[in-house]
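Asks: got a sequence here, can you build the structure:
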Amino acid sequence: MKLIRFGEEGKERPGVLLNDKRYDVSSIVTDYNEAFFENDGLAKLEEALKNNPALPEVSDSVRLGSPVARPSKIICIGLNYVDHCEETGAAIPEEPIIFFKSTTSLCGPNDNLIIPKNSEKTDWEVELAFVVGKKASYVSEEDAPNYIAGYCLLNDYSERAFQIERGGQWAKGKGSDTFAPLGPIMATPDEIGDVNNLKMWLTVNGKTFQNSNTSNLIFKIPFLVHYLSQFMTLLPGDVISTGTPPGVGLGIKPDPIYIKAGDVIELGIEGLGTSKQTAVAYQG
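Replies: As a prediction, the model looks like this:
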């Protein structure tokens, strides 16, 4: 299945994408939240769809929200592509680098990117994210695939001055509003062939900056589920973003390039759709 959420910000309703058409499933499902995933919602929805052929169609003009409701956690993995480590001058990590994005950074896939107040170094990062399907604590790597509800496209926007120059942890540069556009869809694992071989790309104003493949991940998803679950309980609906390949603005030589108001950022991952954000200045 391919899950979507649609409607005005804060009033999104659950839907599905079937044969490239959007359908409203709010008569079957309340929302794609922790309770939905925890109570075997995916299997129940799939069964219900077989018996509900006449679902209301949703216009393509309606805004898409994040395909999952605001989760308990958005966990990110840093420096998880060898060539991204090289471009940023960082050592290849021996264990996954973990940081969090504020859950208030979550937004729809095509919502505007709001450049934070006093920002001069807002940057882009195309990433493969996955959604946790059931409560996970001390999970083995072998059993990890059973804990994955699906996969999404995510742009891990980052304010590099806040992240690197202001001391402390990376979270300062990762959690601004609109810094986690997710979607357009959450695709269940059966919709994706080999998750370790998906093309991924990102452009700014039509120019390609990132063009890679998930085959270049250092730490693969089953290991990440296992690893994270040794340190914290993962709850159904949690979003885990697996890191970005090379081509971020910070890594451009000799002079880094950062986002300015009016820039258009487009990105995609094979099988997971595309998203598009227009950068706008903060209005306070």
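Asks: please identify the buried residues of the lengthiest helix in the chain?
Replies: Criterion DSSP state H: the longest helix present in the chain is helix 41-50. Within helix 41-50, the residues scored as buried using 16 or more other Cβ atoms under 10 Å are 41-42, 45, 49. The way it works is simple: take the backbone N, C-alpha and C, and place the C-beta from them, glycine included.
Asks: possible to save those residues as a markdown table with pLDDT?
Replies: Formatted as a markdown table, these follow (pLDDT from 0 to 100):
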| residue | pLDDT |
| --- | --- |
| Gly41 | 97 |
| Leu42 | 98 |
| Leu45 | 96 |
| Leu49 | 93 |
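Asks: just give me the closest of those to Gln230.
Replies: Nearest to Gln230 among these is Leu42, at 25.6 Å by Cβ to Cβ.
Asks: does that closest one touch Val16 like I think?
Replies: No. Using Cβ atoms under 8 Å, Leu42 is not in contact with Val16, being 10.9 Å away.
Asks: list the residues that contact both of the two?
Replies: Common neighbours of Leu42 and Val16 (criterion: Cβ atoms under 8 Å, 6 or more residues apart in numbering): Met1.
Asks: which parts of the stretch 51-200 of the chain are helices?
Replies: 82-88, 160 (DSSP state H, counting those that start in this stretch).
Asks: which among these is found nearest to Ile115?
Replies: Taking the helices of the stretch 51-200 of the chain one by one with Cβ to Cβ, helix 160 is closest: 12.5 Å.
Asks: tell me the average confidence for the closest one?
Replies: Across helix 160, the average pLDDT comes to 96.
Asks: so which of the helices of the stretch 51-200 of the chain is the most surrounded?
Replies: Mean neighbour count (mean count of other Cβ atoms under 10 Å) peaks for helix 160 among the helices of the stretch 51-200 of the chain, with a mean of 20.
Asks: contacts for that one next, please.
Replies: Residues from elsewhere that reach helix 160 (Cβ under 8 Å, 6+ apart): 121-123, 173, 249-250, 256, 258.
Asks: how many residues are close by Pro56?
Replies: For Pro56, the neighbour count with other Cβ atoms under 10 Å is 11.
Asks: same question, Gly168
Replies: 8.
Asks: the one 10 residues further on now?
Replies: Counted with other Cβ under 10 Å, the neighbours of Thr178 add up to 21.
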